[in-house]
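**Student:** Just need the structure, nothing else, for what follows:
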Amino acid sequence: MSTLEIRDLHVAVEDKEILRGVNLTVNSGQTHAIMGPNGSGKSTLAYAIAGHPKYTVTGGRVLLDGVDLLELSVDERARAGLFLAMQYPVEVPGVSVSNFLRSAVTAVRGEAPKLREFAKDLKNGMDALSIDPAFAQRNLNEGFSGGEKKRHEILQMELLNPKIAVLDETDSGLDVDALRVVSEGINRFRATGDTGVLLITHYTRILRYVKPDFVHVFAGGRIVEAGGPELADKLEAEGYEQYTKASA
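**Tutor:** Presented below is the predicted three-dimensional model:
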């Protein structure tokens, strides 16, 4: 059983306060969806938790199984069991997908996986996500479509098997087929019951495939309403205007 606790988190970017007191608890076996309009602070939350240097934490704590992530470096947070799937995965010329993933697994586990075992896990993961095996030897994300980049993020997540996965707009830019494949990957990851998922999204379409246990509405840098899956249906029907006006 793992727990991510976000307590009264305040975050600024270039002296401008973006997050204004976020409180949230995610347990293993749970999927929490954070929904909100552009500029509400959803991605800021993801990157601040992961340790991006652009985001300055001015108050609050982020605990993973009692360990304050804010006191750890980015790589230490990953080894502690945190994973971030980025909205815009970066290209890494000169580094193959296979080498990158094996290096990531080695860094998180503290030892290199046996080559034969890793090759088997990589092949099975790529097959499940309908990724062409030839991509294993291509430079990471270089020339990949949006859907291909997102599939590789999910592949990385499955291989690393973190305690808590933060997925920042993983559905962004996906066509219907890619959305289904990516969602199936997330559901396989969730099915173990040993992990928690924090899913950040604008739209309800991914929630038709990945059923959340809890939905939180983000506006003005904080959570302004929380509920069950039915809250996503309300947002689909009514939009975010009532929340953005109230938080203005």
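**Student:** Please make it C-alpha for all contacts and neighbour counts, starting now.
**Tutor:** Will do.
**Student:** so how far is residue 157 from residue 4?
**Tutor:** 17 Å (C-alpha to C-alpha, to the nearest Å).
**Student:** Which strand residues bridge the residue nearest to the spatial centre of the chain?
**Tutor:** The residue lying closest to the centre of the chain (C-alpha atoms, centre = their mean) is residue 167, at 1.8 Å. Note on residue 167: beta-bridge partners residue 85, residue 199, judged by DSSP bridges.
**Student:** That one and residue 89 touch, don't they?
**Tutor:** No: counting by C-alpha atoms under 8 Å, residue 167 stays clear of residue 89, with 11.6 Å between them.
**Student:** hang on, residue 33 packs against residue 203?
**Tutor:** No: at 10.3 Å, residue 33 and residue 203 do not qualify as touching, with contact defined as C-alpha under 8 Å.
**Student:** any common contacting residues for those two?
**Tutor:** Counting by C-alpha atoms under 8 Å, 6 or more residues apart in numbering, no residue touches both residue 33 and residue 203.
**Student:** any idea which element residue 112 lies in?
**Tutor:** Assessed by DSSP states H and E, residue 112 sits outside every helix and strand.
**Student:** re earlier: residue 33 and residue 203: which is more packed in?
**Tutor:** residue 33 (26 against 17; other C-alpha atoms under 10 Å).
**Student:** so what strands line up beside the strand or helix carrying that one?
**Tutor:** Using DSSP H and E, residue 33 sits in strand 31-35. Strand pairing for strand 31-35, determined by DSSP bridges: strand 196-201 (parallel), strand 214-219 (parallel).
**Student:** ok, so what distance separates the residue lying farthest from the centre of the chain from residue 132?
**Tutor:** In terms of distance from the mean C-alpha position of the chain, residue 116 ranks first, at 28.6 Å (C-alpha atoms, centre = their mean). Plainly put, residue 116 is 19 Å away from residue 132 if you go by C-alpha to C-alpha.
**Student:** how about low-confidence regions in the protein?
**Tutor:** Regions of the chain meeting the criterion pLDDT under 70 cover residues 245-248.
**Student:** if we go to 90?
**Tutor:** 1, 15, 36-41, 86-93, 109-110, 141-147, 169-175, 192-194, 202-205, 236-248 (pLDDT under 90).
**Student:** for it, what spans make up the strands?
**Tutor:** With DSSP state E as the criterion, the chain has strands at 3-13, 16-27, 31-35, 56-64, 67-68, 82-85, 92-96, 139-140, 164-168, 196-201, 214-219, 222-227.
**Student:** now the ones you listed in CSV, with distance to residue 107?
**Tutor:** Shown next, in CSV, are the strands of the chain (distance: least, C-alpha to C-alpha, whole Å):
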stretch, distance to residue 107
strand 3-13, 21
strand 16-27, 24
strand 31-35, 26
strand 56-64, 19
strand 67-68, 19
strand 82-85, 13
strand 92-96, 16
strand 139-140, 17
strand 164-168, 17
strand 196-201, 21
strand 214-219, 32
strand 222-227, 33
